[in-house]
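Chemist: Turn this into a structure:
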Amino acid sequence: METVQIREAKASFSALVAAAEKGQPTLVSRHGKPCALIVPVADGARLYPLEMPNLANYLLAMPEPLRTERDATPLRGVDFA
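Modeler: Predicted coordinates for the structure are as follows:
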């Protein structure tokens with residue numbers, strides 16, 4: 001993995017993106033300390049999925065409407081006195 005200083009990364013950003021497209025990650029450092037990592041999309045998508053699944057989309061994709069029955073009887077009596 002190649003390491004570059006942040007000012008060099010700014011100057012050659014398109015080359016770093018091209019390297020990531022070819023599968024080569026690049027570590028970007030500031031003052032000698034790692035601060036960012038430029039990786040191919042496939043590697044980044046494993047950590048941060050591009051599409052986050054959620055329950056609402058899952059339920060909306062069901063072929064039939066979801067039918068549920070609800071008990072309308074109160075759970076306990078209410079005394080307002």
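
Chemist: which other residues reach the lowest-mean-pLDDT helix or strand in the chain?
Modeler: Comparing every helix and strand of the chain by mean pLDDT, DSSP states H and E singles out helix 55-60 as the least confident one, with a mean of 84. With CB atoms under 8 Å, 6 or more residues apart in numbering as the test, helix 55-60 has contacts from Leu66. In short, each C-beta sits where N, CA and C put it, glycine included.

Chemist: how far is it from where the chain is centred?
Modeler: How far helix 55-60 lies from its chain's middle: 18 Å, per CA atoms, centre = their mean, to the nearest Å.

Chemist: what's the longest helix seen in the chain packed up against?
Modeler: Longest helix in the chain, counting residues (DSSP state H): helix 13-21. With contacts taken as 3 or more CB pairs under 8 Å, 6 or more residues apart in numbering; DSSP states H and E, helix 13-21 sits against strand 26-30, strand 33-38.

Chemist: Of those, flag the one that's most buried.
Modeler: For the helices and strands packed on helix 13-21, ranked by mean neighbour count under the definition mean count of other CB atoms under 10 Å, the leader is strand 26-30 at a mean of 16.
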